[in-house]
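# Build the 3D model from these lines:
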Amino acid sequence: MSLSTGIIGLPNVGKSTLFNAITNSRVEAANYPFATIEPNVGIVNVNDIRMEKLCELIEPNSIVYTTYKFVDIAGLVAGASKGEGLGNKFLQNIREVDSICHVVRCFDDSNITHVNNSVDPIRDLEIINLELILADLEVLNNRISKIAKKAQSGDKTSIIEKEICDKLLDCLKKEKLLNTLELSEDEKNIIKSYNLLTLKPVIYVANIDENSVIDISSNTHYNSLCERVGKNNVVPLSVKLEFEISLLDKESKIEFMKEYKMEQSGLDKLVFKSYTLFGLSTFFTYGKKEVRAWTFKNGMLAPECAGIIHSDFQRGFIKAEIIKYDDLISLKSENAVKESGKLKLAGKDYVMQDGDICTFRFNV
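Residues are numbered from 1 along each chain as shown. Reported below is the predicted structural model:
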C-alpha cells in the first residue's frame, strides 16, 4: 500500500530541512522563498522496533520494512489560489498526495527570514488554510454550475450531489476545513473525484527551537498552535536538530538523543503519529527467508490484507494463520506459540489487528 504525505507551509519555515532529515538527502534548503520549485520526493523506511525484535528471533535472509513517501512541496503565499507565488502549481502538487504534513514555524530567530517578517503560527496557519479553502470553493462552485440545471429538472443523482456540494460550501464559507465534517462513505464516494484539498487528513509539525525540545511547555508558539488545532494533531520537533541527528551513525544518534532526553527521534514520532491520525496499522509476514512489514487501513478484513501482498491471495483466500506479536516475542518461536494454543485460524470475516503476524492460505 503506497501512501504519500505532502510537506507544506509558508516559504522558509523548515520544510526542505525536514525533508532532508526524513530522507537523509541533500535537497536545497536556502534562506529565501521558493528554494523548492519542483517537488522533491523521498521514500523512507518506517522504523518499527517490532521488526528488530522479530529479526532477532529468526535472523532472516531478508528484511523489508514498510515505507512512507514524503513530498517536499514549494512554499505557499497569500494569493496562491489566484496564482500568486507558485500558485496553481503548488495546489496541484497537494492534490496528488494522500495526506498533508503542515509545517508551522514556532521559533524566533532574527537570522532566518520570515516571509511576513514576524513569527505568528496562527496567522501563518490561517494563510495556508484560506488558500486551500479558496481553491476548494472554486472546485465546488464549478461543479454546481454543471449539475444545477439537472438538479432543478428533478434528476435524482444530481439532486443528491448538489445537496452534498451545498453542505461542503457551507462549511468552507465558515472558513473551516472539510476534514472537520462528518461525511458518510456514500457522500465521500460521490465527491471522491473532486480531489478536494481540505478533505485530506492533516498533521501539523511545530518547528521548535532546540531548547524547547527539553522543555516544550515553555514554547508559547507551540502552545497557541495546540490550542488552535488540538494537541493530538501536533508533532513538536526541532527540524534543525533532527537534521543533525540524521547525519549521525546509530551509536552517536543514541548518545545525542540522550543529551536532549529524547526516547525516539521526532521523525519517528511524526511517522507513527501519521499512522494513528490517518487510521493505519501494520501486519507482518515472518519466516527464515524474509521478515516483512505491510501497511493496511484499520478495519480491513483478512482477505483484503492478503490482497495487499498479491491479488491471488485475496481471490483464492481460504484462511489466515494469525500469531500475535506479543505472543511470539514472549514464547520465542512459532512452534511454542502453536503448542500453547495461541495460534488463531482466521476466516474471511476476521478484522486484521495491528501487530498480527500472518500466514495466508489460498487456492487459485
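# so Ile254 is in which element?
Using DSSP states H and E, the element containing Ile254 is helix 250-259.
# So what touches the next helix or strand after that helix?
Downstream of helix 250-259, the first helix or strand assigned by DSSP H and E is helix 266-277. The list of residues contacting helix 266-277 from outside it, by C-beta atoms under 8 Å, 6 or more residues apart in numbering, reads 5, 21-22, 44, 46-47, 68, 99, 101, 201, 203, 205, 213, 232-233, 235-238, 241-242, 246, 280-282, 295. Using the backbone N, CA and C atoms, a C-beta is placed for each residue, glycine as well.
# List the buried residues of the host helix or strand of Ile7.
Element membership of Ile7 [criterion: DSSP H and E] is strand 4-8. Counting neighbours by 16 or more other C-beta atoms under 10 Å, one finds that the buried residues in strand 4-8 are 5-8.
# what's near enough to touch Thr359?
Under the criterion of C-beta under 8 Å, 6+ apart, the contact partners of Thr359 comprise 285, 320-321.
# Just the buried subset of those, please.
With neighbours counted using 16+ other C-beta under 10 Å, the contacts of Thr359 contain these buried positions: 285, 320.
# so who does the closest residue to Arg228 other than its chain neighbours touch?
Spatial nearest neighbour of Arg228, chain neighbours left out: Ile122 (5.7 Å); criterion: C-beta to C-beta, 6 or more residues apart in numbering. The neighbours of Ile122, taking C-beta under 8 Å, 6+ apart as the test, are 224-225, 228.
# Which helix or strand contains Ile122?
Using DSSP H and E, Ile122 sits within helix 121-152.
# Next, the angle from that helix to strand 4-8.
Angular relation of helix 121-152 and strand 4-8 on a 0 to 180 degree scale: 120 degrees, by axes from the mean of the first three to the mean of the last three C-alpha atoms, to 10 degrees.
# who touches Leu247 in this structure?
Asn24.
# Can you give me the pLDDT of it?
Leu247 is assigned a pLDDT of 88 by the prediction.
# again with Ile322
At Ile322, the model reports a pLDDT of 98.
# The nearest residue to it once chain neighbours are set aside and Ser333, how far apart?
Leaving aside its chain neighbours, Ile322 sits nearest to Lys344 (4.3 Å; criterion: C-beta to C-beta, 6+ apart). According to C-beta to C-beta, to the nearest Å, Lys344 stands 17 Å off from Ser333.
# Looking at these two, which one has more neighbours?
Between Lys344 and Ser333, Lys344 has the larger neighbour count (other C-beta atoms under 10 Å), namely 15 against 11.
# Tell me if I'm right that the more buried one and Asp327 touch.
No. With the criterion set as C-beta atoms under 8 Å, Lys344 and Asp327 do not qualify as a contacting pair; they are 9.7 Å apart.
# Could you list the low-pLDDT ranges of this structure?
Scanning the chain for pLDDT under 70 picks out the ranges 1-2, 25-39, 75-90, 113.
# Let me see the ranges of the helices in the stretch 1-150 of the chain.
Counting by DSSP state H, counting those that start in this stretch, one finds helices in the stretch 1-150 of the chain at the ranges 15-23, 49-58, 87-95, 121-152.
# Next, format the ones you listed as CSV and append distance to Lys253.
Output for the helices of the stretch 1-150 of the chain, formatted as CSV (distance: least, C-beta to C-beta, whole Å):
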stretch, distance to Lys253
helix 15-23, 12
helix 49-58, 14
helix 87-95, 31
helix 121-152, 29
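# quick revisit: how far is the helix holding Ile122 from where the chain is centred?
In this view, helix 121-152 has its centroid 23 Å away from the chain centroid, taken as C-alpha atoms, centre = their mean, to the nearest Å.
# So for that helix, what gets flagged as buried?
Within helix 121-152, the residues that qualify as buried by neighbour count (16+ other C-beta under 10 Å) are 121, 124-125, 127-129, 131-137, 139-140, 143-144, 147, 151.
# Phe107 and Leu241: what is the separation?
In this structure, Phe107 and Leu241 are separated by 11 Å, where distance is defined by C-beta to C-beta.
# Also Ser252?
When C-beta to C-beta is applied, the distance between Ser252 and Leu241 equals 14 Å.
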